[in-house]
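Sequence isn't available, so here's the structure alone:
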């Protein structure tokens, strides 16, 4: 499922973040979770029990949407803004 | 020493900060998010598109009107700043963009808000199943529509509010499964007295949904979500008065998104750390901070406003915030001509009205039977209902005993998601009242912070990983 950006295309210039080595388009002010959802990616991580998890509470309390960002694991993607230097690792 | 510190920049905290600042006090307003507004008035860091869907535009306009007050010269807003500890002597421990810091407050106003109550069922951990608030935050804060074919399930007017917002943004609302039967809502309609605006809004929403052909199923619950790596289907079924699914036909729906909300639970972590007294207020979402008529808690100089006092929505949050701001400014020596009497009466009235309304949309114990023995209850530590039921059969009756015994509530979310569910599960399995399960003991830090934050004189920026 691909999430839809309202008011798209956005007038401001976009930039790219790297997700598993591939460029993904992002706009200033978007969270990493929003960028992943808009790129059609819903599985953000696998649990220790090998279950897929993604976006859940959206407000930084459930810790389900954790990703690895610039080599740092367990970053909450829903409350972390996307920036041009972001390198995200998520399950394929 | 800071004259007044306000924790939480949602409606209650902003109202408190603005009122105190206008009385002359110097206020530091702290929030974990980069922008003020809280969840209800979530602000986007993105520029607003030329045209927002109408109900989102209205929410945005109201939020902007409230937040305009923050431009007062006496207010310092500190965003991206987590308060990870509060002590009874009003020492506030922060972690912000500049690293760790400690502030002391003469008066402290805690407006930490609430989190959503969700009930578990097979498939509720699948990606694409999210809280109603999560989907709303994507709309408000990210200008993003989470899905195309959406089921909303749970209980309360928020389901239809969010249904209209998602509809306007372009989604198809496949169904809304409202736990309460329509008959019981109508039978309790005297409790809507005094809620003229809310009733008008609710009827308007119902009309909008009907016109769009959205089936609003009263007396229904979601019993299952299905899908491989993300949700692709959901099953809803009729439930009886106690919330047990009735034998009979189920409806399987093809959906790509499921949004859940069964009300809210007050976030009392900071008031607990501050040593404030709490009580179990069922009509206000469970354990909540006790205050006097001036919003002051059992700890002198510490105030609690809005959802921390019990779920009251924006209606209760605004007058309570104003009242605490007024009283805290007065205690700081700022004399205003304005009497606190009218604000106090407005706060009391708003709270009483919302309390009545809350009782119409209560969670039902039978819903706990939806969780099969292999359904996870604690999402973080992956503890199943079966493991928890076994522990309860061993004789465990409180949250604080269930946690070390099973690890439920011990993960990163620290029981924010599973805590209210565990209380329902304990009540369902033991037959005891929900309040006898007690509250989780809270220890700092309330959310993970870099390890260096906890060490004195350490500049190391390494991040703590808890597993």
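That came through fine. For clarity, every value in this text was computed on a predicted model and none was experimentally measured.

Which residue ranges of chain A form strands?
Under the criterion DSSP state E, chain A contains strands at A:4-5, A:15-19, A:22-26, A:45-46, A:52-53, A:66-69, A:72-76, A:87-89.

And those: which comes nearest residue B:69?
Evaluated over these, closeness to residue B:69 peaks at strand A:72-76, with 29.4 Å, by C-beta to C-beta. In this view, the C-beta of every residue, glycine as well, is placed from N, C-alpha and C.

Report the buried residues of the closest one.
Buried residues in strand A:72-76, counted by 16 or more other C-beta atoms under 10 Å in any protein chain shown: A:74, A:75, A:76.

Residue B:407 reaches residue B:384, doesn't it?
No: if you go by C-beta atoms under 8 Å, residue B:407 and residue B:384 don't touch, sitting 11.4 Å apart.

Neighbour count: those two, which is higher?
Counted by other C-beta atoms under 10 Å in any protein chain shown, residue B:407 and residue B:384 do not tie: residue B:384 has more neighbours, with 20 against 15.

what residues are up against the more buried one?
B:373, B:374, B:375, B:376, B:377 (C-beta atoms under 8 Å, 6 or more residues apart in numbering or on different chains).

Kindly report the same for residue B:38.
Taking C-beta under 8 Å, 6+ apart, one finds B:8, B:9, B:10, B:11, B:13, B:14, B:31, B:113 in contact with residue B:38.

One more pass at 7 Å, please.
B:8, B:9, B:10, B:11, B:113 (C-beta atoms under 7 Å, 6 or more residues apart in numbering or on different chains).

State the number of residues packed around residue B:296.
Residues near residue B:296, counting by other C-beta under 10 Å: 20.

actually residue B:447, sorry about that
By the criterion of other C-beta under 10 Å, residue B:447 has 19 neighbours.

Could you report the distance from it to residue A:74?
As judged by C-beta to C-beta, to the nearest Å, residue B:447 and residue A:74 stand 12 Å apart.

Need the residues touching each of those two.
Between them, residue B:447 and residue A:74 share no contacting residue under C-beta under 7 Å, 6+ apart.

What parts of chain A come near chain B?
Along chain A, the residues adjacent to chain B under the rule C-beta under 7 Å from any C-beta of the partner chain are A:1, A:3-7, A:12, A:27, A:29-31, A:34, A:37-38, A:42-43, A:47-49, A:51-64, A:72-74, A:81.

mind redoing it with 6 Å?
A:1, A:3-7, A:29, A:34, A:42-43, A:47, A:49, A:52, A:54-59, A:61-63, A:72, A:74 (C-beta under 6 Å from any C-beta of the partner chain).

Separate out the buried members of those residues.
A:1, A:3-6, A:29, A:34, A:42-43, A:47, A:52, A:54-59, A:61-63, A:74.

what does the stretch 251-400 of chain B have sitting close to chain A?
Residues of the stretch 251-400 of chain B lying near chain A by C-beta under 6 Å from any C-beta: B:256, B:382.

All the helices of the stretch 251-400 of chain B, residue numbers only.
Assigned by DSSP state H, counting those that start in this stretch, the stretch 251-400 of chain B shows helices spanning B:269-273, B:313-331, B:341-358, B:385-393, B:399-406.

Output the ones you listed as TSV; include the columns mean neighbour count.
Listed next are these as TSV, based on neighbours: other C-beta atoms under 10 Å in any protein chain shown:
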stretch	mean neighbour count
helix B:269-273	24
helix B:313-331	26
helix B:341-358	18
helix B:385-393	18
helix B:399-406	19
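
For residue B:193, report the pLDDT, please.
Per-residue confidence at residue B:193 stands at 80 (pLDDT).

typed the wrong thing, it's residue B:324
98.

wait, what's in contact with it?
Contact analysis of residue B:324 by C-beta atoms under 6 Å, 6 or more residues apart in numbering or on different chains lists B:16, B:109, B:295, B:303, B:305.

List the contacts of the residue in chain A positioned nearest to chain B.
Per C-beta to the nearest C-beta, residue A:7 is where chain A lies closest to chain B, at 2.4 Å. With contact set as C-beta under 6 Å, 6+ apart, residue A:7 has these partners: residue B:49.

who does the strand or helix carrying residue B:134 touch, helix- and strand-wise?
Taking DSSP states H and E as the criterion, residue B:134 maps to helix B:132-142. Packing contacts for helix B:132-142, counted by 3 or more C-beta pairs under 6 Å, 6 or more residues apart in numbering or on different chains; DSSP states H and E, involve helix B:158-168, strand B:257-261.
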